[in-house]
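Peer 1: Quick one: sequence plus predicted model below, questions after.
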Amino acid sequence: MPDWIMVALRTLLAVVALFLLTKLLGKRQISQLSFFEYITGITIGSLAAYISLESEQQWYLGIISLAVWVAVSLGMEFLTMKSKIMRDFIDGKARLLIKDGKVLEDNLMKERLTADELMEQLRSKNIFKVADVEFALIEPSGEINVLPTRDNQPFTPKHLGITVGPEQEPQAVIIDGKMMDEPLATIGRSRAWLNTELEKIGVAIENVYLGQVDTYGQLYVDLFDDQIKVPKPQAKASLYATLKKCEADIELFALTTDNQEAKQMYEECSKRLQHVLANVKPLLHR
């Protein structure tokens, strides 16, 4: 058999073996590598190249070596899942780099990080001053996670004492101009409802590249033709406007009536509605 055919066949064999063994190791091998997994990834790649090109050696020896490395790696992963001590030894532990806006230089040295590298990581988190950091730590994967000081944290409904309902996963009900029955069933909607929503915005389903329904039951569509402007859903804005109109009407009734008992009732209702509007404004007002 010619050498080039032999190399081609052995390369295909190496690719298949490498794919199957890497699938066996799981997604963590790709997403976040520990020290040992980093070494394993390099070695497995080298062994796959060896199987492809070392035509003078027995090809199955490379496969055996690959299998041994994968078995050892799986054994290490099992140990790290079952033992906190082994997990800390193999993967390492998170280390504090900044506390109360102060850089811990000794820990920075232990992680072989410079001040420039630390600032680069902070800038990637949209933080440009160390004083704005409550604390920052480096994870075993090498990623630096940061908690800003309370003054620099994003403002949320929780700060206002507003309880917000759970956010449901948006469902893709249209993909490539076709209705998706399973996502529609998940949100309790029908094809007739979807057709009605499309008629409201004047769009044919075959022109829709992607259609999603959010937590509030509003349909958002992206068309194949990006030059066409689609009106945004106005259900929440309309509800907010209706509540504001009700508040104005109640205040008008309170001003125009001569009945003191009715005036007091209208004023009390107006105050309650104002309180409701203050709570729902972050959710309904754009």
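Peer 2: That came through, no problem. Because the structure is a prediction, the values reported are computed rather than measured. Numbering: from 1, shown residues only.

Peer 1: And for the helix or strand that contains Ile98, what's in contact with it?
Peer 2: Using DSSP states H and E, Ile98 sits within strand 95-99. Strand 95-99 is contacted from outside by 103-104, 107-108, 110-111, 113, 118, 130, 133, 135-138, 144, 146, using CB atoms under 8 Å, 6 or more residues apart in numbering. Quick note: C-beta positions are derived from backbone N, CA and C, even for glycine.

Peer 1: I'd like the next helix or strand past that strand.
Peer 2: Moving toward the C-terminus from strand 95-99, the next element (DSSP H and E) is strand 102-103.

Peer 1: can you list contacts of that following strand?
Peer 2: 97, 115, 118, 130.

Peer 1: In helices, which of these fall?
Peer 2: Cross-referencing these against helices under DSSP state H gives 115, 118.

Peer 1: buried subset of the contacts of strand 102-103?
Peer 2: By neighbour count, with 16 or more other CB atoms under 10 Å, the contacts of strand 102-103 hold 97, 118, 130 as buried.

Peer 1: in the stretch 51-200 of the chain, what spans have low per-residue confidence?
Peer 2: 51-60, 62, 90, 157, 159-160, 162, 164-165 (pLDDT under 70).

Peer 1: picking up where we left off before, sort out which of the contacts of strand 95-99 are buried, if you could.
Peer 2: The neighbour-count test (16+ other CB under 10 Å) marks 103-104, 107-108, 113, 118, 130, 133, 135-138, 144, 146 as buried among those.

Peer 1: Which of the residues you listed fall in strands?
Peer 2: Among these, the residues falling in strands (DSSP state E) are 103, 133, 135-138, 144, 146.

Peer 1: Mind picking the one among the residues you listed that's closest to Asn207?
Peer 2: Distance to Asn207 across those (CB to CB) is lowest for Val146, with 43.7 Å.

Peer 1: Strands of the stretch 51-200 of the chain, residue ranges please.
Peer 2: Per DSSP state E, counting those that start in this stretch, the stretch 51-200 of the chain carries strands over the ranges 95-99, 102-103, 133-138, 144-148, 171-175, 178-179.

Peer 1: out of those strands, nearest to Val203?
Peer 2: Checking these against Val203 by CB to CB gives strand 171-175 as the closest, at 9.8 Å.

Peer 1: by contact count, what packs against the closest one?
Peer 2: helix 181-186, strand 208-213 (3 or more CB pairs under 8 Å, 6 or more residues apart in numbering; DSSP states H and E).
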